[in-house]
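> Give me the fold of what follows.
(2 chains)
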Amino acid sequence: PEPAAGEAPCLDMGELRSLACDALLQESFYQNKKRPFLYRDQDHTPGPFLTQLVSTLAASLCGHNALLAASSLDLKPEVHYYWHHGEEVVVHGHRKGRVDPVRFQIDDKPHLQIRVPKQLPEIVPLESDLGDVPVIDHKPSKLPLFKKQYENKVFIGSKVADPCCYGHTQFHLIPDKLNRKRFMRANLEDQIEVVYRANGIASLFAWTAAQAMYQGFWNEADVTRPFVSQAVVTDGKYFAFFCYQLNTLALTVETIQNNPRKNICWGTDSKPLYDVVENGSVKGFNDEVLLQLVHFLLNRPKEL
Amino acid sequence: MFSWFVFQGVRQAQWLTKTKLVEGLPPSVLSIVDDPAHQLEDYEERVKRVISHARLWDTTEAIPKREHYCPVLFEDLIHLCRLMSVKYPSLTKRMLARNYKIAATWERESILLQVRGLNGILMNSVAPIPPVASKEEILATEEHVLETFYPISPTIDLQEVNVYQELNSTGFRDGYPYSHPHTLFFLESANIRPNRFRPEQLRAKMLMFAFGNALAKAKVLYGNDPKVLEQPIVVQSVGTDGQLFQFMVFQLNTTDLVSGDGIKNLVWIDSDQELYEKAQCISEVKKRVVTKPAGIYGFQPDTFKKFLALYLHGTV
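Numbers count the residues shown, from 1 in each chain, chains lettered A, B, ... in the order given. Predicted coordinates for the structure are as follows:
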């Protein structure tokens, strides 16, 4: 379930729709391209289409949103976050038997991201409790997840000196190995949404937590204001939208004990932006998805 | 793909494309540079921030490499230019094409030449750039004599290949709404110097590809017969290595290229414009005292103004 985001002051939907269709047609039809590389279908059409779509939409909407006019658009930036959560006993080695925190590192590479100098407004108050967090007993390295950690670092896409230190929206591309057709062939349709959701939650948590660290908060000094960011996860045709509110960084064993706060992520299911591209025209264009994307881009603090 | 060390640089490219050179940018672009109405709000601050982002902040390492910062600088500058579409809504009718392939063939005094392949990033627009030179200037090129390099052959250092297909293709299918090539961007972003084109070679490459794009478009619009064009075609070109910028405006006046007489094409070149002098990533410390703090030094606002003017050219 998603909260209502922003008003739409006299937007020219026809104009925006034609911009989106032009971007799509250029990348999938008009430009002469060779065949895509093996398993790299997303670099052939969806990737360039997403880049074109976001850059043209952001440029045409910056008149309505002053925050976009001061934003920084990163192409294929890096986002890293490192944290401790839970405990484990060291199994081998000279430190055997000692208790260590479990270390997690996310190294993300979104396709596109927009960073802004002012923070997005909170969606719900800091202390809200909207449900319970599932508890998993075994270590993540059993899955296997978070096993290979090359370097533990925290990075939002730019160094601390950059004035655009808050995140606005990230855009993620689903790699070709996880596309819908493979799931359908393996009779795993119910897992399709899981991919989108997992991507949204993990990436947004890493991004918002890294932003909070850039502002000086950490697990002993928890955040005093919520950090909000948005993300769009897509495979080029189906779009899923997510918003994330970071309410707490205190996840280590000592600090989580009396911490009632929870981080919250809202998200939609993936919906198609269009049906098919045929002979130089886009069939079945879905205005709702475009409108949702536009609302995301127009999100800004109330004072602006 | 053309990759060559052009011996005579731009002069050789001029002979190959039957072009007359004019130093500096044309008056129509300079008038946009000088007009305060066509400027971005507090652009100096924003461009400095863009340079700092590309050269200092955009990496987890201490110093970003040229392969990394050159494209980032370009993307950020284009992002700034795009924000002008608030003032000039027709700027949204522009589309960037990356990884597109051009093919153009022509004959110059019994030598068959062609320009092919991936070249740079092309910005297309719905409307063409109006001709930059007046009719008198175009007619005056008839008297101009192209420089030859006897005894050096004009095709020195060009790759000799067997041509099986004389191709001419703009890189896009028919019916493409953004059908006019507006500006070509070249990013010399190789890390080591031998892999990068020197400024003179970069200018020659820019001229050859701007010519190639204009010629391919002319053949699509006016057919394959060599003729003097009623409506000259203008294609601009910007080349950079992340610090030094080369600006070029090319006007194709004729596709009659076999002989060296008659109307010539025109090119305006503004070379070696520094955007900034030095980017200090780590502060210089001598004897425990900071002598030069980290930051961007020697910022030249005019270079960005020219970049923006070339972007806005044809719309304002």
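
> When you work out contacts or count neighbours from here on, use the C-alpha atoms and nothing else.
Will do.

> I'd assumed B:V267 was in a strand, is it?
Yes - checked against DSSP: H, G, I helix; E, B strand; the rest coil, B:V267 lies within a strand.

> partner residues bridging the residue nearest to the spatial centre of chain B?
The residue lying closest to the centre of chain B (C-alpha atoms, centre = their mean) is B:S237, at 1.7 Å. Per DSSP bridges, the residues bridged to B:S237 are B:L184, B:M248.

> And A:D100, by the same measure?
Beta-bridge pairing for A:D100 (DSSP bridges): A:E88.

> show me what contacts the residue nearest to the centre of chain B?
Contact analysis of B:S237 by C-alpha atoms under 8 Å, 6 or more residues apart in numbering or on different chains lists B:T183, B:L184, B:F185, B:F186, B:M206, B:L207, B:A210, B:F247, B:M248, B:V249, B:F250.

> So the fifth one is in contact with B:G239, correct?
Spelled out, that is B:M206. Yes - using C-alpha atoms under 8 Å, B:M206 is in contact with B:G239, at 7.1 Å.

> Between the two, which contacts overlap?
Counting by C-alpha under 8 Å, 6+ apart, the common neighbours of B:M206 and B:G239 are B:F186.

> So between those two, which is more surrounded?
Between B:M206 and B:G239, B:M206 has the larger neighbour count (other C-alpha atoms under 10 Å in any protein chain shown), namely 28 against 23.

> Name the helix or strand for the more buried one, please.
helix B:199-222 (DSSP states H and E).

> Could you pull up the mean pLDDT of that helix?
Regarding helix B:199-222, the rounded mean pLDDT is 89.

> list the buried ones in that helix?
Neighbour-count burial for helix B:199-222 flags B:199-219 (criterion: 16 or more other C-alpha atoms under 10 Å in any protein chain shown).

> Show me how far that helix is from its chain's centre.
In terms of C-alpha atoms, centre = their mean, to the nearest Å, the centre of helix B:199-222 is set 9 Å apart from its chain centre.

> Next, the buried residues of the lowest-mean-pLDDT helix or strand in chain B.
Across the helices and strands of chain B, mean pLDDT, DSSP states H and E gives its lowest value to strand B:111-118, namely a mean of 80. By 16+ other C-alpha under 10 Å, the buried positions in strand B:111-118 come out as B:L113, B:Q114, B:V115, B:R116.

> does the third one have beta-bridge partners, and which?
Pointing back at B:V115 there. Here B:V115, judged by DSSP bridges, has bridge partners B:A104.

> can you check B:M123 too?
Beta-bridge pairing of B:M123, defined through DSSP bridges, involves B:L96, B:T183.

> Please determine how far it is located from A:F29.
B:M123 sits 17 Å away from A:F29, going by C-alpha to C-alpha, to the nearest Å.

> Give me the nearest residue to the residue of the stretch 151-300 of chain B found nearest chain A, chain neighbours excluded.
Nearest residue of the stretch 151-300 of chain B to chain A: B:F172, at 4.5 Å (C-alpha to the nearest C-alpha). Excluding its sequence neighbours, the residue lying closest to B:F172 (C-alpha to C-alpha, 6 or more residues apart in numbering or on different chains) is A:Q31, at 4.5 Å.

> Could you work out the most separated pair of the contacts of B:S237?
Maximum pairwise distance among the contacts of B:S237 (C-alpha to C-alpha): 14.9 Å, between B:F186 and B:F250.

> who has more neighbours, the two?
Using other C-alpha under 10 Å as the criterion, B:F186 and B:F250 rank with B:F250 on top: 29 against 24.

> helices or strands next to the helix or strand harbouring that one in the packing?
Assessed by DSSP H and E, B:F250 sits inside strand B:244-254. When contacts are defined as 3 or more C-alpha pairs under 8 Å, 6 or more residues apart in numbering or on different chains; DSSP states H and E, strand B:244-254 sits against helix B:199-222, strand B:228-240, strand B:265-274.

> Doesn't B:K48 belong to a helix?
Yes - the assignment for B:K48 by three-state DSSP puts it in a helix.

> for it, what are its contacts?
Counted by C-alpha under 8 Å, 6+ apart, B:K48 has contacts B:I296, B:F299.

> ok, now with 6 Å
B:K48 is in contact with no residue at all, counting by C-alpha atoms under 6 Å, 6 or more residues apart in numbering or on different chains.

> what's the answer for B:I138, then?
Applying C-alpha under 6 Å, 6+ apart to B:I138 gives no contacts.

> how about it, phi and psi?
Main-chain dihedrals, B:I138, degrees, to the nearest 10: phi -70, psi -40.

> how near is it to B:L310?
From B:I138 to B:L310 the distance is 21 Å (C-alpha to C-alpha).

> related to what we said a few turns ago, any chance of the buried residues of strand B:111-118 in JSON lines with distance to B:V132 as columns?
Formatted as JSON lines, these follow (distance: C-alpha to C-alpha, whole Å):
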{"residue": "B:L113", "distance to B:V132": "26"}
{"residue": "B:Q114", "distance to B:V132": "26"}
{"residue": "B:V115", "distance to B:V132": "24"}
{"residue": "B:R116", "distance to B:V132": "26"}
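
> Chain neighbours aside, what residue packs nearest to the spatially most central residue of chain A?
Centre of chain A computed as the mean C-alpha position; nearest residue by C-alpha atoms, centre = their mean is A:A231, 3.5 Å away. Spatial nearest neighbour of A:A231, excluding adjacent residues (C-alpha to C-alpha, 6+ apart): A:Q170 at 4.5 Å.

> What helices and strands are in contact with the host helix or strand of the one you found?
Element membership for A:Q170, per DSSP H and E: strand A:166-173. Contact here means 3 or more C-alpha pairs under 6 Å, 6 or more residues apart in numbering or on different chains; DSSP states H and E; on that basis strand A:166-173 packs against strand A:112-116, strand A:227-234.
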